[in-house]
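Chemist: Sharing a sequence plus its predicted fold:
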Amino acid sequence: ARAAIAVALRRFRIDHGGYPVTLDELVPEYLKTVPIDAWTGKRPDYRRAGAGFELPAEMPSRDSGKWNEGKGSPIWKVER
């Protein structure tokens, strides 16, 4: 799901000259709906970062099974 969002974000940037403020701006032209994160069951976290964006992932910790809430989680960063 994050790869599909990243592709939609890049397409949006090409068409509009910058990234959207929220993922809702991608619907319906670039995505049918904003996909739900498979790990959390929630909408993905998305934030603009300078001229780019970040799509962090929350995953269960191997030690406790609790959500590590971004601590040590993979994060998809696009600088521009």
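Modeler: Right, received. Where do you want to start? Residues are numbered from 1 along each chain as shown.

Chemist: hey, let's count contacts and neighbours off CA atoms from now on
Modeler: Noted.

Chemist: Now for the nearest residue to residue 27 once chain neighbours are set aside, how many residues are close by?
Modeler: Spatial nearest neighbour of residue 27, chain neighbours left out: residue 33 (5.8 Å); criterion: C-alpha to C-alpha, 6 or more residues apart in numbering. Residue 33: 12 surrounding residues under other C-alpha atoms under 10 Å.

Chemist: Give me the most central residue, the protein.
Modeler: The centroid of the chain falls nearest to residue 55 when counting by C-alpha atoms, centre = their mean (3.4 Å).

Chemist: In a helix, that one, correct?
Modeler: No: Residue 55 is assigned strand when assessed by DSSP: H, G, I helix; E, B strand; the rest coil, not a helix.

Chemist: hang on, isn't it packed against residue 43?
Modeler: No: judged on C-alpha atoms under 8 Å, residue 55 makes no contact with residue 43 at a distance of 11.0 Å.

Chemist: those strands in the chain, which residues are they?
Modeler: Per DSSP state E, the chain carries strands over the ranges 47-49, 52-56, 75-78.
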